[in-house]
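**Student:** take this sequence and fold it.
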Amino acid sequence: MQTHPLSEAHRSGIGTWNYAKDLSTYSGEEIAQGMEVNSSDLDVGLGMAPDFIGNGRGMEFAQTVLKHATELARMQGLSHLRCAIHSWNKVSQLMAGRAGFDFSGSVINDQGEFVVMRKKIA
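**Tutor:** Residues are numbered from 1 along each chain as shown. Take a look at the predicted model:
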């Protein structure tokens, strides 16, 4: 998978993505409400443009993002990656598990219930 720097046009377009109702957009700050701050974790979030969902490239996308996140975490002296996934989003939880994340806990806030998963950086 090729990666490219995020352009201003792409950055502004992300806010216009429209998902099915159960995949509505939300900000990472809202998800983080209620999550404990952990100085050894780099919080990671993934979001695919709706046009790319369901084409079988989710794991490739996740691995590309996680490679960069791992490099960033190492540079910051961190030992884990962490993600929060809506409890109903079983597909994303399964993908995170396949990418090496383990269940770490859950959090409930105004945005719903989230499964928190962590991955130790090798």
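**Student:** so which residues of the protein form strands?
**Tutor:** Here the chain has its strands, by DSSP state E, at 41-43, 80-86, 102-109, 112-120.
**Student:** who touches the first one?
**Tutor:** Right, the one you point to is strand 41-43. With contact meaning Cβ atoms under 8 Å, 6 or more residues apart in numbering, strand 41-43 is reached by 28, 32, 69, 72-73, 76, 78-84, 118. Bear in mind the C-beta positions are built from the backbone N, C-alpha and C, glycine included.
**Student:** what's the least confident helix or strand in this structure, going by average pLDDT?
**Tutor:** For the chain, the helix or strand with the lowest mean confidence is helix 28-32, at a mean of 50 (criterion: mean pLDDT, DSSP states H and E).
**Student:** quick check: which ranges of the protein have low pLDDT?
**Tutor:** Confidence mapping of the chain against pLDDT under 70 gives the ranges 1-7, 9-37, 50.
**Student:** longest helix of it?
**Tutor:** helix 58-75 (DSSP state H).
**Student:** on that earlier part again, any chance of the strands of the chain in CSV with mean neighbour count and distance to Gly54 as columns?
**Tutor:** Rendered in CSV, the data for the strands of the chain read as follows (neighbours: other Cβ atoms under 10 Å; distance: least, Cβ to Cβ, whole Å):
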stretch, mean neighbour count, distance to Gly54
strand 41-43, 19, 26
strand 80-86, 22, 17
strand 102-109, 14, 25
strand 112-120, 19, 21
